[in-house]
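Visitor: When you get a sec, could you give me coordinates for this:
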Amino acid sequence: MTDKWNATHLPDLTGRTAVVTGANSGIGFVAAEALARAGAHVVFAVRDLARGGAAAAKVSGSTEVRRLDLADLDSVREFAAGWDRPLDLLINNAGVMMLPEQHTRQGFEMQFGTNHLGHFALTNLLLPYVTDRVVTVSSGAHRFGDGVIHFEDVNLRGRYTPTRAYAQSKLANLLFTLELQRRLAEAGSTVRALAAHPGWAATNLQSHHANPLMRGAMEVGNRLFAQSDKAGAQPTLYAASQDLPGASYVGPAGLGEMRGAPTLVGRSTAASDPEAARRLWTLSEELTGVEWGLKPVSRP
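Guide: Next up is the predicted model:
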């Protein structure tokens, strides 16, 4: 029963390897810590090596720290080029939320570029090594904003708002998962693509909102309504460890999916559109220069 499931129910992960992006804080750190405690070797894929090292030092288990800046596709390629062994779990956790308008090193809107394009490129570059599953962290906010991908201009030039951009990036996470699973199944792969969302979890993610009034409101909301980062990581861990169908979406079971034990949850109609998922995939390949990654790897 999912109403009794938590990280203490993780199976023995001895001998398995997991990469967790953004593992130095928030639900990423909680997930990395739980996976390591269950026996996995966990790679902290982080932008700041010093912060990542400090976080990994707090974990009891096998860890290593590698630099990864999802807002820079050169960094993504460098991370992937340094990978040379089987990878059981790829946890696409890192993200930015409702920032003032900014752009990645390659000029993409920061939230779409980091939350979606960076993980799209990383996943495809690492996919030949993945043996079990890819879990991508989305959000209930995929229903917010305009509720669509702005294919004519994903950078939202002239109409940027923090909420619109964040919602688009989280919708992209779900469409990416949908199309990734379709391609995996078509290729006859046993690897599964799944998505998860933490509900309302108190982390530092909300502290970067472009609007200072919203930052204050979120700080109050974190204190009064949010669940802990430990609880917020449970859907990720459930998706990473349980026998679920490909393209499953896991979130909290409570009212409004804001808090509670992990369970399978629904998504918007737009997040279930296979044509939009295929179109987003094609666009993402064009923008990143990274194509479908399931090709044979020449191993030494």
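Visitor: which residues touch stretch 181-192?
Guide: Applying Cβ atoms under 8 Å, 6 or more residues apart in numbering, the contact partners of stretch 181-192 are 127, 130-134, 193-194, 244-247, 274, 277, 281, 292, 294. The way it works is simple: take the backbone N, C-alpha and C, and place the C-beta from them, glycine included.
Visitor: run the last query once more with 7 Å
Guide: Defining contact as Cβ atoms under 7 Å, 6 or more residues apart in numbering, one finds that stretch 181-192 is touched by 130-133, 193, 246-247, 292, 294.
Visitor: quick one: low-confidence parts of the stretch 1-150 of the chain?
Guide: Within the stretch 1-150 of the chain, the stretches with pLDDT under 70 are 1-3.
Visitor: May I ask which of the contacts of stretch 181-192 has the most neighbours?
Guide: Within those, neighbour counts (other Cβ atoms under 10 Å) peak at A193, which reaches 28 neighbours.
Visitor: quick one: L294 and L126 touch, right?
Guide: No - assessed by Cβ atoms under 7 Å, L294 is found out of contact with L126, at 10.8 Å.
Visitor: related to what we said a few turns ago, can you add distance to L264 and secondary structure and give the contacts of stretch 181-192 back as CSV?
Guide: Formatted as CSV, the contacts of stretch 181-192 follow (distance: Cβ to Cβ, whole Å; DSSP: H, G, I helix; E, B strand; the rest coil):
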residue, distance to L264, secondary structure
V130, 22, strand
T131, 23, strand
D132, 19, strand
R133, 15, strand
A193, 15, strand
G246, 13, coil
A247, 11, coil
W292, 27, coil
L294, 26, coil
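Visitor: what's the burial count for the nearest residue to L68 once chain neighbours are set aside?
Guide: In this structure, L68 finds its nearest non-sequential neighbour in A45, 4.0 Å apart by Cβ to Cβ, 6 or more residues apart in numbering. Using other Cβ under 10 Å, A45 has 29 neighbouring residues.
Visitor: A strand includes A45, no?
Guide: Yes - looking at A45 with DSSP: H, G, I helix; E, B strand; the rest coil, it is inside a strand.
Visitor: Next, find the distance separating it from A18.
Guide: From A45 across to A18, the span is 10 Å (Cβ to Cβ, to the nearest Å).
Visitor: any chance you could map the strands in the stretch 1-150 of the chain?
Guide: For the stretch 1-150 of the chain, strands defined by DSSP state E, counting those that start in this stretch occupy the ranges 17-21, 41-46, 63-67, 87-92, 130-137.
Visitor: what inclination does the longest one have with respect to strand 87-92?
Guide: Orientation note: strand 130-137 sits at an angle of 10 degrees relative to strand 87-92 (axes from the mean of the first three to the mean of the last three Cα atoms, to 10 degrees).
Visitor: Just give the strands next to strand 130-137 in its sheet, each with its orientation.
Guide: Strand 130-137 has the following sheet partners, assigned by DSSP bridges: strand 87-92 (parallel), strand 192-196 (parallel).
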